[in-house]
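A.B. asks: Structural data only, the sequence is not supplied:
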């Protein structure tokens, strides 16, 4: 489970180094050397969510089964349309696209907190976000 705060700095290309203690969670099943994630723009707060790619697809399947057709269209429009798949490179860096950095107000100093939610440094961390267990919501501190 993701827990704690992880201050990091974005380089001039918008990349941050994935904390060493979290890297294994992003390994693709059957291909442990390949690490992928998705960045999701929060619709409620100025932050980003980071999910291991394989967990993201599990979450989508759960949502697909729970939602009716109208709800599914809204989910796809408001959530999935702003998802960006990213690969964690050999130096364990993740590129955060400019559009998502601007949405979250993320500059050079960034804090990944609690459930891998990115906030600009010094921002109040309030709101609800999806926990690393992907089964319930937890309140961000």
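C.D. replies: Structure received. All of these numbers come straight from a predicted model, not from anything done at the bench.

A.B. asks: The lengthiest strand in the chain packs against which elements?
C.D. replies: Using DSSP state E, we find that the single longest strand of the chain is strand 31-41. The helices and strands touching strand 31-41, judged by 3 or more CB pairs under 8 Å, 6 or more residues apart in numbering; DSSP states H and E, are strand 27-28, strand 48-52, helix 53-66, strand 84-87, helix 98-104. The C-beta positions use only the backbone N, C-alpha and C, and glycine is treated the same way.

A.B. asks: I'd like the ones you listed as CSV, with mean neighbour count appended.
C.D. replies: Below are these laid out as CSV (neighbours: other CB atoms under 10 Å):
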stretch, mean neighbour count
strand 27-28, 16
strand 48-52, 23
helix 53-66, 14
strand 84-87, 15
helix 98-104, 15
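
A.B. asks: In TSV, list these along with distance to residue 13 and mean pLDDT.
C.D. replies: Output for the helices and strands packed on strand 31-41, formatted as TSV (distance: least, CB to CB, whole Å; pLDDT from 0 to 100):
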stretch	distance to residue 13	mean pLDDT
strand 27-28	23	86
strand 48-52	17	84
helix 53-66	21	85
strand 84-87	13	92
helix 98-104	10	88
